[in-house]
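Trainee: Using only what follows, build the 3D model:
(one chain, ligands or ions: 1)
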Amino acid sequence: MEFETEAIHVGDEPNLEVGGTGDINTPIHLSSTFARREVDKPTGGYAYSRTDNPTRHALESKLAAIEGAKHGIAFSSGLAAETSLFLALLKAGDNIVAFDDLYGGTKRLLDKVMAKFGVSVTYVDATNSSNVRKAMRKNTRLVWLETPTNPLLKLCDIRAISSIAHEHGAVVGVDNTFATPYFQRPLELSADVSVYSTTKYINGHSDSIGGAIMLSDETLYEKIKFLQNAAGTLLSAFDSYLVMRGIKTLPLRMREHGLNAVKVAEFLESQSAVSKVRYPGLESHPQHELAKRQMNGFGGMITFEVKGGRRAAMKFLESLRLVSLAEDLGGVKSLAEHPASMTHSEIPRKAREELGISEALIRLSVGLENADDIIMDLKATLKAVGR
Ligand code: P1T
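Mentor: Numbers count the residues shown, from 1 in each chain. As a prediction, this is how the structure comes out:
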């Protein structure tokens, strides 16, 4: 089956067997527990909803299908998914080699939580795969990538880096939140694990916090499932239903996000008051060729700088009318934010600036409104702030 069909049907097959009700959508199973006839065997296959729940199970089969993976696991947030992977895989003394541009919350988890458990992190500019090779150590167990990255939209070559990591016996995890499996399939590019904040495009409506891991390796799957049950990092049945509903339109939404983002990025590039427009779909993006090779589309995220530094950026963000000033991304409504003060504020200023997260940087999540209306808002705002 093709992506669109799997997104709609897998996990949502009507049960027309005796006793089945033929629901066209998998219902929300709100039971915390499940009665059984025999002590040592769950009668209907389920025991307790922390361990497994029919709605979550249905979502997990849909997640696996859209990734082309054997398994999907749904978590209470993107960070819960990451935490579960790290705790399942790593122990004190292990090392992670990670892309130096990552979501601020992921850096906080690595630097302020995992570090307490004796796990070290080596950050590298993974746009150049040889930096990953140079950083690999005997105790490197995980290579952790985002591509495109949050917020600078840098790319890395998943296939080349996976080959380096595997030579060293390390697992490759890719946070594929920005691209989604519709535009990029990390497992097909030899990575071991795809990780998502489903809060973003996968759910797509800014009304659920969730996360997901998709993978095909049985041993690692068992370890993560064990950890999820032991630590309780699961997604609720209600949110599982919402995410299933979101996935049904993921291909349509991603296509439109991409079309809108190209128009908005080209508009921004044409403005003299704007500089450093970053969007993997623009020819000016330093890794446009890699984007074309590795991705089937470029997504809906853009960053740019407004001339006039921090003051101009603040004024711009606070003057937008249609586009909301808010953290988060990937929903139907366009959102803009200031990474230095919001999503990446916990990274020390010096480190932020070295990376390129300047005080003038604005991140835009291009929504599904008519592109002309989004552009009109940006144009009017640039004018209102005197730029
Ligand atoms: O918010 P949560 O569902 O826990 O997901 C964390 C996360 C993981 N990975 C990436 C690439 C992310 O962008 C995020 C969350 N990011 C935002 C909230 C944001 O505005 O960037």
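Trainee: And for residue 217, the neighbour number?
Mentor: The number of residues packed around residue 217, counting by other C-beta atoms under 10 Å, is 16. In short, each C-beta sits where N, CA and C put it, glycine included.
Trainee: actually residue 225, not the one I wrote
Mentor: Neighbour count for residue 225, taken as other C-beta under 10 Å: 17.
Trainee: Quick check: closest non-adjacent residue to the closest residue to the ligand within the chain.
Mentor: Nearest to the ligand in the chain, going by C-beta to the nearest ligand atom, is residue 78, at a distance of 2.4 Å. Spatial nearest neighbour of residue 78, chain neighbours left out: residue 197 (2.7 Å); criterion: C-beta to C-beta, 6 or more residues apart in numbering.
Trainee: related to what we said a few turns ago, wait, doesn't the residue of the chain closest to the ligand sit right on residue 195?
Mentor: Yes - under the criterion of C-beta atoms under 8 Å, residue 78 makes contact with residue 195 at 7.4 Å.
Trainee: Strands along the protein, start to end?
Mentor: 71-75, 95-99, 120-124, 140-146, 171-175, 193-197, 211-215, 274-278, 301-306, 324-325, 335-337, 361-365 (DSSP state E).
Trainee: need the contact list for residue 277.
Mentor: Residues in contact with residue 277, defined by C-beta atoms under 8 Å, 6 or more residues apart in numbering, are 265, 268-269, 284, 302-304.
Trainee: which parts of this structure sit against the ligand?
Mentor: 77-79, 103, 105-106, 146, 150, 175, 177, 197, 199, 209, 211, 327-329, 343 (C-beta under 6 Å from any ligand atom).
Trainee: buried sites along the helix or strand of the chain with the lowest mean pLDDT?
Mentor: Using mean pLDDT, DSSP states H and E, the weakest-scoring helix or strand in the chain turns out to be helix 349-355, at a mean of 94. Neighbour counts over helix 349-355 (16 or more other C-beta atoms under 10 Å) mark 352, 355 as buried.
Trainee: what separates it from the chain centre, distance-wise?
Mentor: Here helix 349-355 is found 23 Å from its chain centre; the criterion is C-alpha atoms, centre = their mean, to the nearest Å.
Trainee: contacts for that helix?
Mentor: Here helix 349-355 has contacts from 100-101, 152, 340, 344, 347, 358, using C-beta under 8 Å, 6+ apart.
Trainee: give me that answer again for 7 Å
Mentor: With C-beta atoms under 7 Å, 6 or more residues apart in numbering as the test, helix 349-355 has contacts from 100-101, 152, 340, 344.
Trainee: neighbours around residue 75, how many?
Mentor: Residue 75, neighbours per other C-beta under 10 Å, totals 27.
Trainee: That one: what's it in contact with?
Mentor: If you count contacts by C-beta under 7 Å, 6+ apart, then residue 75 has 81, 84, 210-212, 233-235 around it.
Trainee: what do you get for residue 239?
Mentor: Residues near residue 239 by C-beta under 7 Å, 6+ apart: 208, 210.
Trainee: can you list the domains in this protein?
Mentor: Domain ranges of the chain: 3-248, 251-385, per automatic domain parsing.
Trainee: Mind listing what's buried along stretch 9-24?
Mentor: 10-12.
Trainee: Adding pLDDT, write these out as TSV.
Mentor: Below are the buried residues of stretch 9-24 laid out as TSV (pLDDT from 0 to 100):
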residue	pLDDT
10	98
11	98
12	97
